[in-house]
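Colleague: Prediction below, plus the sequence it came from.
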Amino acid sequence: MNVELRYIILRADKDKLIERLKRMGDIESLERSLFLLNKMETSPSNNQFFYDTTLKELNEIAQDVIDGTVYNVFIDTSR
């Protein structure tokens, strides 16, 4: 059996991340979010899975995730 999954890391630049967290009233997540942003960006194994949402609207992000095949990962489970 083959399994297809989409692995996408949604990211935004630091300023946009701060803006979004403040708008959502989730400022207590700021320090952890910035730590994780830095951690992900410094790990080369993540590069192919980044989807930059900095300048995108929610509907555009959703449509790109639905339509795109760039982030498809195929897993052979027959072993």
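Modeller: Perfect, I can see it now.
Colleague: give me the beta-bridge partners of Asn72?
Modeller: Judged by DSSP bridges, the bridge partners of Asn72 are Arg6.
Colleague: packing partners for the strand or helix carrying Lys22?
Modeller: Lys22 belongs to helix 14-24 when assigned by DSSP states H and E. If contacts are counted by 3 or more CB pairs under 8 Å, 6 or more residues apart in numbering; DSSP states H and E, helix 14-24 sits against helix 30-41. The C-beta positions use only the backbone N, C-alpha and C, and glycine is treated the same way.
Colleague: Contacts for the helix it packs on next, please.
Modeller: Residues from elsewhere that reach helix 30-41, judged by CB atoms under 8 Å, 6 or more residues apart in numbering: Ile9, Arg11, Lys14, Leu17, Ile18, Leu21, Asn46, Phe50.
Colleague: Can you give me the buried ones in the helix or strand following it?
Modeller: Next helix or strand after helix 30-41 toward the C-terminus (DSSP H and E): strand 50-52. Neighbour counts over strand 50-52 (16 or more other CB atoms under 10 Å) mark Tyr51 as buried.
Colleague: now do stretch 51-61
Modeller: Neighbour-count burial for stretch 51-61, counted by 16+ other CB under 10 Å, picks out Tyr51, Thr53, Lys56.
Colleague: residue contacts, Ile18?
Modeller: By CB under 8 Å, 6+ apart, the residues touching Ile18 are Leu30, Leu34.
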